[in-house]
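Undergrad: sequence plus predicted model, see below.
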Amino acid sequence: MRVLAALLDLLLPPRCAGCGRPGVLVCPSCTARLRGVPSPRLPEHPPPGLPEVWSGAAYAGVARRLLLAHKEHGRTALAPALGACLAATLRAALTPRSPVLLVPVPSSGAALRRRGHDPVRRMAAAAVRDLAGWPVVLAPVVRQRRRVADQAGLSAPERAANLAGAYVLAGEPPRPAVAVLVDDVVTTGATLAAAAAALRAAGVAVPLAITVAATAKERSGARVRNATRPG
Ligand SMILES: [Zn+2]
């Protein structure tokens, strides 16, 4: 199915994955909604160790449809639009003082096999291309150490317990040692906190995470200056 979807994107006149309008992959109106208003959107009860989290949009409507089309239905041609949303969010959130690693939250092996691609890594790579001239480097250095149960249907504490120690760094700690985590959606923050813990255990500072969308409401917040010490 996913190969078919990618082929159809090439062969057929495209339709906007957000609203169905013919002629474009993502129409200007849906692009604007996807970009949303980059702002801090922390969960109501942030788990310990969760970095500051900024997102472009609420996880609903157009943003949700575009993310699902890309993630679950093989519409990989949407990656540049989603990457542009991440890039705009990073520009709004961070004042870079030194080079920054963009670290995608890894998919599980089972999810990779089912989807046939790694949607978060693909979006993060698109964001780095969009951020040409910025001191950012794609660094897919976090990997899952063990299998974790499906997060759907778990409470926030259950999610945190499910993910404790689930991630490790692949190889040597990267340098520069300041990372921004990237994910598609933030819900309870358990995944981002667990991935941040793996980076911090290796001495990498994680002052910020960015996602395309968030289930939490936006709130006002100050821009993040990238730290030079692990934190
Ligand atoms: Zn549209």
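TA: Looks like it arrived, so ask away.

Undergrad: CA atoms for contacts and neighbours, from now on please.
TA: Will do.

Undergrad: name the element the residue sitting nearest the centre point of the chain belongs to?
TA: By Cα atoms, centre = their mean, the chain has its centre lying nearest to residue 183, at 1.9 Å. Assigned by DSSP states H and E, residue 183 belongs to strand 178-186.

Undergrad: that strand: partners in the sheet, and parallel or antiparallel?
TA: For strand 178-186, the paired strands and their directions (DSSP bridges) read strand 100-104 (parallel), strand 205-214 (parallel).

Undergrad: quick check: mean pLDDT across that strand?
TA: Per-residue pLDDT over strand 178-186 has a mean of 96.

Undergrad: what's the answer for stretch 107-127, then?
TA: Averaged across stretch 107-127, pLDDT comes to 91.

Undergrad: before we move on, what about stretch 195-209?
TA: On average, stretch 195-209 scores 94.

Undergrad: which residues touch the lengthiest helix in the chain?
TA: Longest helix of the chain, by residue count under DSSP state H: helix 79-93. Helix 79-93 is touched from outside by 26, 31, 34-35, 38-39, 54-56, 67, 70, 119, 122-128, 130-131, 210-212, 222-224, with contacts defined as Cα atoms under 8 Å, 6 or more residues apart in numbering.

Undergrad: re the thing from before, ok, the residue nearest to the centre of the chain to the ion distance?
TA: 23 Å (Cα to the ion, to the nearest Å).

Undergrad: the helices in the protein, which residues?
TA: Using DSSP H, helices in the chain cover 2-11, 28-35, 61-72, 79-93, 109-115, 119-130, 156-163, 190-201.

Undergrad: quick one, the third one and helix 28-35 angle?
TA: When axes from the mean of the first three to the mean of the last three Cα atoms, to 10 degrees is applied, the directions of helix 61-72 and helix 28-35 differ by 80 degrees.

Undergrad: flag every buried residue along helix 61-72.
TA: 62-72 (16 or more other Cα atoms under 10 Å).

Undergrad: count of residues packed around residue 13?
TA: 11 (other Cα atoms under 10 Å).

Undergrad: no, scratch that, I was asking about residue 44
TA: 12.

Undergrad: and it, what are its phi and psi?
TA: With angles defined as degrees, to the nearest 10, residue 44 sits at phi -60, psi -40.

Undergrad: get me the contact residues on the chain for the ion.
TA: 16, 18-19, 27, 30 (Cα under 5 Å from the ion).

Undergrad: which one of those is nearest residue 217?
TA: residue 30 (19.9 Å; Cα to Cα).
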